[in-house]
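Chemist: would you be able to build a 3D model of this:
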Amino acid sequence: MWWSVVRGRSRQLFDEVDGAVDDGRPVVGARLRFGRAHAGTDDPERDRGVPVEAHVGEPLSGGVGDDLVVVGVALDDRAEDGDGVDVVAAGQSVGGQRRVVGTGYFDGFDDLDVALASGLASGSLHPVDDRPLLVELGDHQTELYHIRGEASAHKRTTVRDSNGGAKFLETTSPDPRQTRLFRPVGNPAAMTLSTPGPTLGVVGGGQLGRMLGEAAAPLGVDVVVSDPTDDPPAAPVTRDQIHGDFDDYEAIRELADRADYLTFEIELTDPDLLERVAEETDTPVHPNPDTLRLIEDKLVQKRRLADAGVPVPEFREVNSADELREALEDLGYPAMLKARMGGYDGRGNVPVASPDEVDDAFAEIVDAAQGGTQDDPSGVAMVEEMVDFERELAVMGCLGSARHGDGDQERDTFPVTETIHEEEILRETVAPARADPSVREQARQVALDVLDVMDGRGVYGIEFFQGPDDEILLNEIAPRPHNSGHWTIEGCHTSQFEQHVRAVTGRPLGVTDQRAPTVSANILGDLDERQAATLSGEDSIFEAPRAHLHWYGKHEVYRLRKMGHVAHVGESDADRDDLLANIRELRDGLTFQ
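Modeler: This is a model prediction of the structure:
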């Protein structure tokens with residue numbers, strides 16, 4: 001599909017049109033007046049010149065291009081005033097013939113008057129949401145107009161095309177008839193998929209990026225990832241990889257250029273960089289970079305959520321070993337010392353059991369945290385009371401588009417999950433959690449309160465403690481799909497990964513209903529030394545009914561590295577204790593030794 005703008009008046013316009021056609025370039029345009037096309041002349045009074053008929057379904061006449069068939073003309077007569085309104089004509093190459101499929105005006109080439117006129121008379125153009133349209137300007141730059149919404153001031157931007165991809169700009173027209181978006185010829189009105197479809201750019205190419213790619217493909221969404229490693233887990237199942245660190249401007253900018261939407265699978269992503277490339281390329285980022293700023297700093301996160309009324313454990317900011325010792329006089333021992341930024345899978349968490357451990361614990365957390373040094377450890381740590389919990393829970397929360405939520409942003413939750421950790425690393429999940437239904441409902445309601453604080457579409461991993469009196473306390477939040485929700489791939493009608501793709505790309509959220517009781521177990525490295533990864537014992541999983549193996553494709557294994565997971569979906573009346581015992585037996589039969 002090509003979309004071209006021919007600028008200019010009088011003889012300049014005619015020369016551009018005629019020369020373009022003679023050269024066989026996909027550029028066509030002419031002045032429109034009352035649904036008729038006119039090539040301009042050098043007559044300053046009339047500025048109309050030789051008429052070039054533009055009848056729907058017939059070739060343009062007058063020597064401008066007999067191989068260009070008009071299937072839509074302008075909806076109004078604004079060109080009559082002779083003020084030099086320019087024409088945009090859109091076309092499609094079909095069997096070697098270039099077909100015009102829409103026209104529109106530019107007023108003074110500064111404000112967008114009408115981005116595309118309709119071919120409604122012939123039925124060859126059909127409205128569709130979230131479909132970008134590429135426009136080639138006379139100076140060979142590209143513009144993309146996404147026309148939707150109510151009448152308001154026009155907006156216009158220029159972006160560059162990259163490998164056939166393009167960006168979009170939300171634009172409206174005062175004329176309700178023209179506040180539409182149109183699809184190319186040949187696509188039925190009820191059909192919104194095409195090939196290639198929209199592209200989702202994901203910062204990070206680990207196992208979460210891999211599973212996002214697996215979920216996106218059936219939806220007609222291409223995934224491109226950026227990652228600093230060679231052949232990361234996501235590479236085999238995604239369209240392409242851009243090499244670069246998570247704070248590499250060139251890599252993230254290229255990713256934004258190639259994507260229609262951006263998201264991230266790791267909190268190491270720089271929110272300032274995401275915000276910058278989003279502004280430069282008009283590529284929307286979800287969740288919002290402000291949400292990443294909020295969540296990446298655990299102290300800022302806890303303060304914001306506590307202010308919003310979300311129940312959290314007692315916590316303190318600590319900037320030295322002396323401040324930690326003082327804080328623990330209030331919180332008591334034991335307590336959990338946490339790196340404010342950068343910790344995950346147990347990294348960045350140091351338990352402090354007694355006053356004798358304070359100095360060593362603080363030195364350890366400074367080494368593990370981002371941004372601090374032993375000489376200047378300020379701003380790197382916080383400490384929380386140690387919660388005497390009954391069990392740990394997780395809720396995968398979902399925020400969708402407002403246009404699919406009856407005016408309010410769509411939000412939903414997956415069933416409350418029980419998470420079982422050892423050495424601060426998730427080992428197994430049980431869904432639904434083995435907690436009283438009232439406790440699960442309380443956790444779900446708190447998760448919805450957490451979502452009210454978040455900004456941007458996507459899936460959020462929300463972790464809780466269930467206290468001894470069944471109170472629910474927030475532990476941590478991840479602004480992305482989470483290990484606690486991997487079981488949803490087989491266990492729910494919509495997986496957390498499909499849900500994230502749906503949300504970020506503006507599609508309606510899928511149902512989160514559970515198919516049956518489901519458990520999962522992480523496959524962790526069992527070798528002390530880093531070496532090439534070769535798993536054995538997997539035949540037992542393939543032989544087990546209703547068991548599912550997920551291999552993350554990592555080339556090297558070392559102790560406690562997440563290499564994959566196993567899920568087991570039970571019958572509708574399955575006992576969750578039995579399912580958990582079965583999955584542990586299957587998982588424990590695997591080894592890298």
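Chemist: make it CA atoms for all contacts and neighbour counts henceforth
Modeler: OK.
Chemist: which stretches of the stretch 251-400 of the chain have low pLDDT?
Modeler: Counting by pLDDT under 70, the low-confidence segments of the stretch 251-400 of the chain come to 343-346, 371.
Chemist: strands of that one, residue ranges please.
Modeler: 261-264, 315-318, 335-339, 349-352, 381-385, 391-399 (DSSP state E, counting those that start in this stretch).
Chemist: can I get those in a markdown table including distance to residue 572 and mean neighbour count?
Modeler: Putting those into a markdown table (distance: least, C-alpha to C-alpha, whole Å; neighbours: other C-alpha atoms under 10 Å) gives the following:
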| stretch | distance to residue 572 | mean neighbour count |
| --- | --- | --- |
| strand 261-264 | 35 | 28 |
| strand 315-318 | 41 | 21 |
| strand 335-339 | 39 | 25 |
| strand 349-352 | 38 | 21 |
| strand 381-385 | 39 | 24 |
| strand 391-399 | 21 | 26 |
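Chemist: got JSON lines for those strands, with distance to residue 235 too?
Modeler: Below are those laid out as JSON lines (distance: least, C-alpha to C-alpha, whole Å):
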{"stretch": "strand 261-264", "distance to residue 235": "15"}
{"stretch": "strand 315-318", "distance to residue 235": "40"}
{"stretch": "strand 335-339", "distance to residue 235": "31"}
{"stretch": "strand 349-352", "distance to residue 235": "31"}
{"stretch": "strand 381-385", "distance to residue 235": "35"}
{"stretch": "strand 391-399", "distance to residue 235": "25"}
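Chemist: what's residue 236 in contact with, if anything?
Modeler: residue 210 (C-alpha atoms under 8 Å, 6 or more residues apart in numbering).
Chemist: pLDDT-wise, which helix or strand of the chain ranks last?
Modeler: The weakest-scoring helix or strand in the chain, judged by mean pLDDT, DSSP states H and E, is strand 111-112 (a mean of 26).
Chemist: can you classify residue 529 by secondary structure?
Modeler: What DSSP: H, G, I helix; E, B strand; the rest coil gives for residue 529 is coil.
Chemist: so residue 473 makes contact with residue 450?
Modeler: No - the criterion here is C-alpha atoms under 8 Å, and residue 473 misses it with residue 450 at 11.5 Å.
Chemist: ok, back up a step: what's the closest of the strands of the stretch 251-400 of the chain to residue 209?
Modeler: Closest to residue 209 of the strands of the stretch 251-400 of the chain is strand 261-264 (C-alpha to C-alpha; 8.3 Å).
Chemist: helices or strands next to the closest one in the packing?
Modeler: Strand 261-264 sits against strand 199-203, helix 496-504, with contacts defined as 3 or more C-alpha pairs under 8 Å, 6 or more residues apart in numbering; DSSP states H and E.
Chemist: one more pass at 6 Å, please.
Modeler: Helices and strands touching strand 261-264, by 3 or more C-alpha pairs under 6 Å, 6 or more residues apart in numbering; DSSP states H and E, are strand 199-203.
Chemist: mean confidence for the next helix or strand after the strand it packs on?
Modeler: Per DSSP states H and E, the first helix or strand lying C-terminal to strand 199-203 is helix 207-216. Helix 207-216 shows a mean pLDDT of 98.
Chemist: helix 207-216 to strand 199-203, inter-axis angle?
Modeler: Interaxial angle, helix 207-216 versus strand 199-203 (axes from the mean of the first three to the mean of the last three C-alpha atoms, to 10 degrees): 170 degrees.
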